[in-house]
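Visitor: Here is my input; please provide its structure:
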Amino acid sequence: MDSKHEKQKPHADVDVQPHGNEFDVYGDEDSAEIKYRTMVWWKAAALMLAETVSLGILSIPSAFASVGMVAGILLVIGLGTIATATGYMIGTFKLRYPHVHNMADAGEILAGPIGREVLGAAQVVFMTFVCGSHVLTGLIAFDTITAGASCSVLWAAVAAIICLVLTIPRTLNGISYMSVVSFISIASAVLITMIGVGVGGHKGGVKVSANLSFASGFLAVTDIIFAYAGHVGFFTFIAEMKEPKDFAKALYMLQIADTTLYLIIGIVVYAFTGAETVSPALGNTGTLLRKISYGIALPTIIIAGVINGHVCAKLVFIRIFRRNGVHSRHMTNHSWTGWMTWIAICVAIWAMAFVIAEVIPFFNDLLGVISAIFASWFTYGISGIFWFHLTPSSERWSTRWQKVKTIFWSSIVVMGAFIMVAGLYASINSIVEGTSTSAPSKRAV
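Guide: Numbers count the residues shown, from 1 in each chain. As a prediction, the model looks like this:
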């Protein structure tokens, strides 16, 4: 472990000064032209809500239809509670190591250069596919609103270009206000959808439980897991907060809001549409309301994609201009090199997102594979590894409470591994069935 790691004392509750810390991501910003650490906690919460809730909420009703009402409720509450604990551990790890900006930095602490490359590549791949999902959902929204007035490639290109332009601001604080618009957008669209299905009346029976094969049942579970998959961007959000120790406030606000929204839309939409529930959830109403819902949801589809694209681009940007803990002036100044590099990275990410969303015929199932591999660890498993790294082996069994925590975090690591294996099996099985029965179709998550 290098010297900058050794100088930090291993204490989970360490208080990090947000300014002038030589180990922090952006260093002393007093003379910087671009100041990154400017977000207050509620802005970080708004970003996290926009990133996490946007697309995840749209698949919740169909997950309820697959697993049944009781299992759906228990899964949303249970996975949400665990996601709160794992998110808190990410915050604790960040306070312990202030220089950590992304999963690549965390991987370097855990496993040296190999860990840095593996987790860094995993984060870039995962977030690029998430951006592709936003392009595809934007395509569906535009196509629905215009009743198929133009070809899908055009609408996908329009969605990708809008996302690219809005990703250009260099700081998260610069797009945090858009996150408020995003949350209002998805909340309004969901409300209209619930009103629409309520007016339409009950269309099908509601199952308390379900009798499913393991593969089809777990595929529905992965939809709920994906709805909590915002953890991959937490390090970057914390790095741009004025007070990193306030992250817990933002996390609690996020988890209370998203779990509540997931429960409401899952219960209400499934209760009225029953076995006829479709995904995305906005498609469960009549033609007119569907167009209105997609129109209102467009801001959140775009803005949440922007946030994911920004976090992905920032990882690459920091990697280029920060070497051995020392950052280049291009990172914090309005230089041509800095801006051209940043714009080029953004263009590359959204170009790849457009291509994979348009070219891959079974994109949704492939996204399930990517989510199984990466979201299982970023949201759950890796936080258990963080805890073991922060807790000396001599302390893990020292008291009864420490034993409980050791068992809990061990189970989180096992849970991450299980979700990965089971999710891969379910997703690959779905791809095989889709290709053997008919031409696979693309749909948004």
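Visitor: and the gap between Gly107 and Val432?
Guide: In this view, Gly107 and Val432 are 32 Å apart by C-beta to C-beta, to the nearest Å. All C-beta spots, glycine's among them, are computed from the backbone N, C-alpha and C.
Visitor: quick one: low-confidence parts of the stretch 301-445 of the chain?
Guide: 324-326, 361-365, 434-445 (pLDDT under 70).
Visitor: where along it do the helices fall?
Guide: 336-359, 363-375, 382-390, 400-437 (DSSP state H, counting those that start in this stretch).
Visitor: Grab the nearest non-local neighbour of Ala187.
Guide: Excluding its sequence neighbours, the residue lying closest to Ala187 (C-beta to C-beta, 6 or more residues apart in numbering) is Leu261, at 7.3 Å.
Visitor: Next, the buried residues of the helix or strand containing the one you found.
Guide: Assigned by DSSP states H and E, Leu261 belongs to helix 247-273. Neighbour-count burial for helix 247-273, counted by 16 or more other C-beta atoms under 10 Å, picks out 247, 250-251, 253-255, 257-259, 261-263, 265-273.
Visitor: packing partners for that helix?
Guide: helix 41-56, helix 60-67, helix 69-96, helix 173-200, helix 234-239 (3 or more C-beta pairs under 8 Å, 6 or more residues apart in numbering; DSSP states H and E).
Visitor: re the thing from before, which stretch among the helices of the stretch 301-445 of the chain is buried most, on average?
Guide: Mean neighbour counts were compared across those using mean count of other C-beta atoms under 10 Å; the top stretch is helix 363-375, at a mean of 23.
Visitor: For that one, what is the distance to the chain centroid?
Guide: Using C-alpha atoms, centre = their mean, to the nearest Å, the distance from the centre of helix 363-375 to the centre of the chain it belongs to is 13 Å.
Visitor: Start at 26, not 1
Guide: All right, first residue 26 from here; so that's helix 388-400.
Visitor: Now do that helix and helix 407-415, the angle between them.
Guide: Inter-element angle recorded for helix 388-400 and helix 407-415: 10 degrees (by axes from the mean of the first three to the mean of the last three C-alpha atoms, to 10 degrees).
Visitor: Just the CA trace of helix 388-400, in CSV.
Guide: Extracted C-alpha coordinates of helix 388-400, given in CSV (Å, rounded to 0.1, in the frame of the first residue of the first chain):
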residue,chain,number,x,y,z
PHE,A,388,-30.2,-5.3,-25.7
ASN,A,389,-32.5,-5.6,-22.7
ASP,A,390,-31.4,-9.2,-22.0
LEU,A,391,-27.8,-8.2,-22.5
LEU,A,392,-28.3,-5.3,-20.1
GLY,A,393,-29.6,-7.9,-17.6
VAL,A,394,-26.3,-9.8,-18.0
ILE,A,395,-24.3,-6.6,-17.5
SER,A,396,-26.4,-5.8,-14.4
ALA,A,397,-26.0,-9.2,-13.0
ILE,A,398,-22.2,-9.1,-13.3
PHE,A,399,-21.7,-5.5,-12.1
ALA,A,400,-24.7,-4.2,-10.2
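Visitor: so which of the helices and strands packed on helix 272-298 gets nearest Ile437?
Guide: helix 94-121 (6.5 Å; C-beta to C-beta).
Visitor: by contact count, what packs against that closest one?
Guide: helix 85-92, helix 239-251, helix 259-264, helix 272-298, helix 407-415, helix 425-462.
Visitor: on contacts alone, who are the packing partners of the third one?
Guide: Contact here means 3+ C-beta pairs under 8 Å, 6+ apart; on that basis helix 259-264 packs against helix 66-81, helix 94-121, helix 128-170, helix 272-298, helix 312-346.
Visitor: So which of those helices is the most surrounded?
Guide: helix 66-81 (a mean of 25).
Visitor: got any ranges where the stretch 26-175 of the chain has weak pLDDT?
Guide: Scanning the stretch 26-175 of the chain for pLDDT under 70 picks out the ranges 26-49, 52.
Visitor: thinking again about what came up before, can you redo the helices and strands packed on helix 94-121 as a markdown table with distance to Ala174?
Guide: Formatted as a markdown table, the helices and strands packed on helix 94-121 follow (distance: least, C-beta to C-beta, whole Å):
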| stretch | distance to Ala174 |
| --- | --- |
| helix 85-92 | 27 |
| helix 239-251 | 30 |
| helix 259-264 | 38 |
| helix 272-298 | 27 |
| helix 407-415 | 44 |
| helix 425-462 | 28 |
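Visitor: Let me know whether Gly157 touches Ala378 as I believe.
Guide: Yes. Using C-beta atoms under 8 Å, Gly157 makes contact with Ala378 at a distance of 4.2 Å.
Visitor: Look up how far Thr404 lies from Phe89.
Guide: 20 Å.
Visitor: These two - which one has more neighbours?
Guide: Phe89 (34 against 28; other C-beta atoms under 10 Å).
Visitor: wait, doesn't Tyr51 sit right on Thr357?
Guide: Yes. If you go by C-beta under 8 Å, Tyr51 and Thr357 touch, sitting 6.5 Å apart.
Visitor: Overlap in contacts, the two.
Guide: Jointly contacting Tyr51 and Thr357 under the rule C-beta atoms under 8 Å, 6 or more residues apart in numbering are 57, 61.
Visitor: Nearest residue to the middle of the protein?
Guide: Gly255 (2.7 Å; C-alpha atoms, centre = their mean).
Visitor: ok, now which ones touch the closest residue to that residue other than its chain neighbours?
Guide: The shortest distance from Gly255 to any non-neighbouring residue, by C-beta to C-beta, 6+ apart, is to Thr77 (3.4 Å). By C-beta under 8 Å, 6+ apart, the residues touching Thr77 are 252-255, 279, 283.
Visitor: Just give me the closest of those to Ala264.
Guide: Using C-beta to C-beta, Gly255 is the member of the contacts of Thr77 that lies nearest Ala264, at 15.4 Å.
Visitor: can I assume the closest one is in contact with Leu279?
Guide: Yes. With contact defined as C-beta under 8 Å, Gly255 counts as touching Leu279 (7.5 Å).
Visitor: which residues are in contact with both of those two?
Guide: 73, 77.
Visitor: just to revisit the earlier point, from Val222, how far out is the residue nearest to Ala212?
Guide: In terms of C-beta to C-beta, Leu286 sits 16 Å off from Val222.
Visitor: Same question for Ala71.
Guide: Ala71 is 28 Å from Val222, by C-beta to C-beta.
Visitor: same deal with Ala447?
Guide: Taking C-beta to C-beta, one finds Ala447 at 31 Å from Val222.
Visitor: cool, and Lys430?
Guide: According to C-beta to C-beta, Lys430 and Val222 sit 43 Å apart.
Visitor: what do you get for Thr302?
Guide: 9 Å.
Visitor: Need the overlap of contacts for those two.
Guide: 294, 309.
Visitor: what sits against the residue lying closest to Phe167 once chain neighbours are set aside?
Guide: Excluding the flanking residues, the one nearest Phe167 by C-beta to C-beta, 6+ apart is Trp180, at 3.9 Å. Applying C-beta under 8 Å, 6+ apart, we find Trp180 in contact with 163-164, 167-168, 171.
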